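**Student:** next comes the sequence, and after it the predicted model I'd like to discuss.
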Amino acid sequence: MNTAMPSLQHPRSLERCITGRPTRDGAGVRLTRVLTSDLQQRLDPFLMLDQFGSDDPRDYGAGFPDHPHRGFETVTYMIAGRMRHKDSSGGEGLLQNGGLQWMTAGRGVIHSEMPEQEDGRMEGFQLWLNLPGRDKMCAPSYQDIQSVDIPQVSPVPGVLARVLAGQFLGTTGAVHRPASTHPTQVLYLDLHFGQDAVLDVPLPASHNAFVYTYRGHAQVGLSEAPVELHQMGILANDGDGVRLKATADSKVLLIAGQPLCEPIAQYGPFVMNTTQELQQAVFDFQTGRLA
């Protein structure tokens, strides 16, 4: 359905564009790391964004065998392909075309993400979302959401918004949690442009936000600054939302959240507030106490 779309008074400008760095992770999965550690403070509460996408099973076939996490959440959005999640807290699910996986590592979890296909395309994103210090040792949890359960809304003619998290135009996303318990208040939209269109998305001024163009071409703000294919555009905190202009068949992720403004201490798959907490996480993992 079409829903009345508010018009922005002061659209945010584009601060800068980032081109991801090719790398490998897991057991050799080829991917592009878009949000890297040097951007964690600027894009707080987001810690990392990876894009993976290949038609060659040699790039993804080995998957991500058992590995630990503590102190944050992983959000995996599958565009194409099939991947099986299993973790030490008992969570298990099949992530497939258009589906979403939301895992809260909390005090610790060991999990695997393994392909359930031997050929064809595997494509998607994994976002790391920080937890506030008070919640870093919470109990782990896992939520598996299939594509049919992700709400969709058409904010303007020719544009489809998949609301993965948060609220958009009165539509509650697949994941939505109260600010009293989850202060990051994440908005995660997958925007599909079926025709050339302009879309205004209101955002709280305090939220850090970025867009990622994974199909086609997009432009941001009154100046129509380009965010080219496979680029992340960091939005300046200087307006009441983002104005996106995109060509037909473009697809853009829009991700925003309230910063935690806490110290970030990271060592690989552990994200805490202090070095001492990191040392404890490593010790707990090495002695079998993590999960």
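**Tutor:** Okay, I see it. Numbers count the residues shown, from 1 in each chain.

**Student:** average pLDDT for stretch 85-93?
**Tutor:** Here stretch 85-93 scores 93 as its mean pLDDT.

**Student:** first to last residue in it, what's the distance?
**Tutor:** With Cα to Cα, to the nearest Å applied, stretch 85-93 spans 5 Å between its terminal residues.

**Student:** buried stuff in it?
**Tutor:** By 16 or more other Cβ atoms under 10 Å, the buried positions in stretch 85-93 come out as 85, 87, 89, 91, 93. All C-beta spots, glycine's among them, are computed from the backbone N, C-alpha and C.

**Student:** same list, these, but as CSV with secondary structure please.
**Tutor:** Below are these laid out as CSV (DSSP: H, G, I helix; E, B strand; the rest coil):
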residue, secondary structure
His85, strand
Asp87, strand
Ser89, coil
Gly91, coil
Gly93, strand
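
**Student:** what degree of burial does the closest residue to Leu129 other than its chain neighbours show, as a neighbour count?
**Tutor:** Excluding the flanking residues, the one nearest Leu129 by Cβ to Cβ, 6 or more residues apart in numbering is Glu73, at 4.4 Å. Other residues near Glu73 come to 25 when the count uses other Cβ atoms under 10 Å.

**Student:** ok, and what's touching whichever strand or helix holds Glu73?
**Tutor:** Taking DSSP states H and E as the definition, Glu73 sits inside strand 72-80. With Cβ atoms under 8 Å, 6 or more residues apart in numbering as the test, strand 72-80 has contacts from 47, 53, 83, 85, 95-105, 113, 120-131, 136, 164-165, 188, 190, 214, 271.

**Student:** now with 7 Å, please.
**Tutor:** 47, 95-105, 121-131, 164, 271 (Cβ atoms under 7 Å, 6 or more residues apart in numbering).

**Student:** and if you look at stretch 267-280?
**Tutor:** 47, 67-72, 130, 133, 136, 262-265, 281-282.

**Student:** secondary structure element holding Leu189?
**Tutor:** Assigned by DSSP H and E, Leu189 belongs to strand 187-193.

**Student:** off-centre distance for that strand?
**Tutor:** 11 Å (Cα atoms, centre = their mean, to the nearest Å).

**Student:** from the contact counts, what lies against it?
**Tutor:** Using 3 or more Cβ pairs under 7 Å, 6 or more residues apart in numbering; DSSP states H and E as the contact test, the elements touching strand 187-193 are strand 159-165, strand 251-257.

**Student:** helix or strand next in line after that strand, which one?
**Tutor:** Later in the chain than strand 187-193, the nearest helix or strand by DSSP H and E is strand 197-202.

**Student:** if you count contacts, what does whichever helix or strand comes after that next one end up packed against?
**Tutor:** On the C-terminal side of strand 197-202, the closest following helix or strand by DSSP H and E is strand 208-215. On a contact count with 3+ Cβ pairs under 7 Å, 6+ apart, strand 208-215 meets strand 231-235, strand 241-246, strand 251-257.

**Student:** could you dump those strands into a markdown table and include distance to Ser223, mean neighbour count and mean pLDDT?
**Tutor:** Below are the helices and strands packed on strand 208-215 laid out as a markdown table (distance: least, Cβ to Cβ, whole Å; neighbours: other Cβ atoms under 10 Å; pLDDT from 0 to 100):
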| stretch | distance to Ser223 | mean neighbour count | mean pLDDT |
| --- | --- | --- | --- |
| strand 231-235 | 12 | 23 | 98 |
| strand 241-246 | 10 | 24 | 98 |
| strand 251-257 | 17 | 24 | 98 |
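
**Student:** make a markdown table out of the buried residues of stretch 85-93 and add distance to Pro204.
**Tutor:** Below are the buried residues of stretch 85-93 laid out as a markdown table (distance: Cβ to Cβ, whole Å):
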| residue | distance to Pro204 |
| --- | --- |
| His85 | 32 |
| Asp87 | 33 |
| Ser89 | 32 |
| Gly91 | 31 |
| Gly93 | 32 |
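
**Student:** can you tell me the closest non-neighbouring residue to Pro204?
**Tutor:** Nearest one to Pro204, counting by Cβ to Cβ, 6+ apart, is Gln258 at 7.2 Å.

**Student:** how about Ser37?
**Tutor:** Going by Cβ to Cβ, 6+ apart, Ser37 has Gln266 as its nearest residue, at 6.6 Å.

**Student:** residues of the helix or strand containing the one you found that come out buried?
**Tutor:** Counting by DSSP H and E, the element that carries Gln266 is strand 265-267. Going by neighbour count (16+ other Cβ under 10 Å), the buried part of strand 265-267 is 265-266.
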